[in-house]
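A.B. asks: here are the coordinates; sequence isn't available:
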């Protein structure tokens, strides 16, 4: 099986933390040495394990921002 590569380029913030120390974070992540994408998922404390998550391009994140802005008005 091929090695799975990722690099957290920038931690943008922590959304929450559970009792076991896993944190839901917004990060800029490069997957398999590709262009970094915005990523929301839970990580263990040392960032060696992760849950399923969602990734966004900058354009998708901007659309999400507008949708949330409309929802929260």
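C.D. replies: Perfect, I can see it now. Bear in mind that the values here come from a model prediction, so they are computed numbers and not experimental data. Numbering: from 1, shown residues only.
A.B. asks: helices and strands around the helix or strand hosting residue 14, which ones?
C.D. replies: Assigned by DSSP states H and E, residue 14 falls within strand 6-17. Taking 3 or more C-beta pairs under 8 Å, 6 or more residues apart in numbering; DSSP states H and E as the contact definition, the neighbouring helices and strands of strand 6-17 are strand 23-31. The C-beta positions use only the backbone N, C-alpha and C, and glycine is treated the same way.
A.B. asks: what lines up beside the strand it packs on in the sheet?
C.D. replies: For strand 23-31, the paired strands and their directions (DSSP bridges) read strand 6-17 (antiparallel), strand 37-43 (antiparallel).
A.B. asks: List of residues touching the longest one?
C.D. replies: Contacts to strand 6-17, defined as C-beta atoms under 8 Å, 6 or more residues apart in numbering, come from residues 23-33, 36, 38, 40, 47.
A.B. asks: how about residue 57, phi and psi?
C.D. replies: The phi and psi values for residue 57, taken as degrees, to the nearest 10, are phi -80, psi 170.
A.B. asks: From residue 7, how far out is the nearest residue to residue 43 once chain neighbours are set aside?
C.D. replies: What sits nearest to residue 43 in space, not counting adjacent residues and going by C-beta to C-beta, 6 or more residues apart in numbering, is residue 50, at 5.2 Å. Using C-beta to C-beta, to the nearest Å, one obtains 13 Å as the distance from residue 50 to residue 7.
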